[in-house]
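>>> structure for this input, please:
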Amino acid sequence: MLSLKRIFQITSIISIALMFVACGSSGSTGSSSSSGTTPTTAPTSSTPIMKTTSATVNGNSETILTNAQGMTLYYFIPDTATKAACTGTCAGIWPPLLFAGTGSPTSVTTLPGTLSVVTDTNGQQVEYNGHPLYTYSKDTAPGQTNGEGFKGKWFVATPTLSGQSAPQSTPTSSGY
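Numbering: from 1, shown residues only. A predicted model of the protein is given here:
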């Protein structure tokens, strides 16, 4: 009788230990979820971080700026050349294009404007002609332009994007 009791105790301890091991391993194999999207970090200066492609914007075929993975880049009207207005929750929806290298960012194609980096709340954010650049979390594939004109403040960045003072499209409402 004593041996059956001892076997039961050992079996119980082993079962409990196996449950702890099994429960503890589930967190390390799955992917974590968060409320925002990770900012896009650009490669170092030796690798081009931007390119151009053709996409449909407001029903027209246009040449647009994309990150190295082909995702459409956008600019936000309230930003300035020295400060991003899109931070926190906004940057979770509109991940900033960040630069992890040294020197200046480069493009696969020759651009008529200037690529630069500004250190702001988001980190070392890539700018084109003084506009901090972002991707849009609801663009799920290269070439999509779902964020164009969003709340009248978000616009697709094109090679002809001019300085901070004038939007490419006519704003229609407010907010991010």
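>>> dihedrals phi and psi, Cys90?
phi -60, psi -40 (degrees, to the nearest 10).
>>> burial count for it?
Residue neighbour count, defined by other Cβ atoms under 10 Å, stands at 18 for Cys90. To be clear about C-beta, it is placed using only N, CA and C from the backbone, and glycine gets the same treatment.
>>> distance of it relative to Val126?
17 Å (Cβ to Cβ, to the nearest Å).
>>> what's stretch 65-73 in contact with?
40, 42-43, 47-53, 55, 64, 97, 108, 111, 128, 133-136, 139, 142-145, 147, 156-159, 161 (Cβ atoms under 8 Å, 6 or more residues apart in numbering).
>>> one more time with 7 Å, if that's ok
40, 42-43, 48-53, 55, 64, 97, 128, 133-136, 139, 142-145, 156-159 (Cβ atoms under 7 Å, 6 or more residues apart in numbering).
>>> just the buried residues out of those, in ChimeraX syntax.
Buried residues among the contacts of stretch 65-73 (16 or more other Cβ atoms under 10 Å), as a ChimeraX selection:
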select :40,42,49,50,51,52,55,64,97,128,133,134,135,136,139,144,145,156,157,158,159
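>>> which ones among the contacts of stretch 65-73 lie within strands?
Using DSSP state E, 40, 42, 50-53, 55, 64, 97, 128, 156 are the members of these that sit in strands.
>>> and of the residues you listed, the nearest to Thr80?
Tyr128 (14.0 Å; Cβ to Cβ).
>>> quick one: residues contacting that closest one.
The contact partners of Tyr128, by Cβ under 7 Å, 6+ apart, come to 65, 113, 115, 157, 161.
>>> look up how far Pro105 lies from it.
Taking Cβ to Cβ, one finds Tyr128 at 9 Å from Pro105.
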